[in-house]
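> give me a 3D structure for the following:
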Amino acid sequence: GEFVDSFELGAKSTLMDGNLLLNGALFYQKYSDFQLNSFLGTSYVVRSMPEVTSKGVEVDALWQTGLQGLMLQGGITYAQTRYGEDLLPDADLFLLPGNEISFAPLWSASAALTYAWDLGNTLEGRFHLSAKYLSDHNTGSDLDPQKAQPGYTLVNARLGLGRQDKAWSVELWGQNLTDRTYRQVGFDAPIQPGNWNAFLGAPRTYGMTLRLQY
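Numbering: from 1, shown residues only. Sure, this is the predicted structure:
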């Protein structure tokens, strides 16, 4: 079994006559027998890591601005998540002790803007723009340097038109607008020592969505 002792000290606040929500927290988590899923080139195996600790701070805010229909959101997290110093018997995991775990960026942040406006007595327009940032991190379970992913930012947008009573709406949307290439998972190439493969994130994507409620 995997076990964790988790401690958090935080505050939630409502400011500016209820138009601003501001939250923050300090956290500390200590895992014992952390379950690590690894791909060995031909098969997956789950191994138990003696100790993992995660500590940091997170802040998020939601602001209904003075401009009617305009809402801003944002958040930032600093999280230092490391394996313990215990020696591991698996030769392919010699990089793990004391280092940052995979898929755990030191910094992550998000921001979003939403603007909605009335069009006549029955229609509503809506625009949404969002961005997500992850600092550099490793995408392989063994922390092989070849599987490192530099920091990157993803930008998405959505423009919609619909009825104010939500009976229908049509939206044009785009994801990863800057067409950023990034690794989601890095792994050793099957039966090819010294080679690496990766699952990449989705490239720039466009689409249209029609919603109906009845």
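
> list the contacts of Asp33.
By C-beta atoms under 8 Å, 6 or more residues apart in numbering, the contact list for Asp33 reads 1-3, 48-50. Heads up, the C-betas are built off the backbone N, CA and C, glycines and all.

> quick check: end-to-end length of stretch 61-70?
One end of stretch 61-70 to the other measures 14 Å (C-alpha to C-alpha, to the nearest Å).

> swap in stretch 132-148?
Using C-alpha to C-alpha, first and last residues of stretch 132-148 are 19 Å apart.

> please name the bridge partners of Phe199.
Taking DSSP bridges as the rule, Phe199 bridges to Val185.

> before we move on, the earlier item: neighbour-wise, which of the contacts of Asp33 leads?
Met49 (20 neighbours; other C-beta atoms under 10 Å).

> how about that residue, nearest residue that isn't a chain neighbour?
In this structure, Met49 finds its nearest non-sequential neighbour in Phe34, 4.1 Å apart by C-beta to C-beta, 6 or more residues apart in numbering.

> same check, this time on Asp92
Closest residue to Asp92 apart from its sequence neighbours, by C-beta to C-beta, 6+ apart: Asp142 at 5.4 Å.

> quick check, that neighbour in contact with Asn37.
No. Using C-beta atoms under 8 Å, Asp142 is not in contact with Asn37, being 11.6 Å away.

> with pLDDT added, can I get the contacts of Asp33 in CSV?
Below are the contacts of Asp33 laid out as CSV (pLDDT from 0 to 100):
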residue, pLDDT
Gly1, 88
Glu2, 93
Phe3, 96
Ser48, 88
Met49, 90
Pro50, 91
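
> right, I'll call it a day here.
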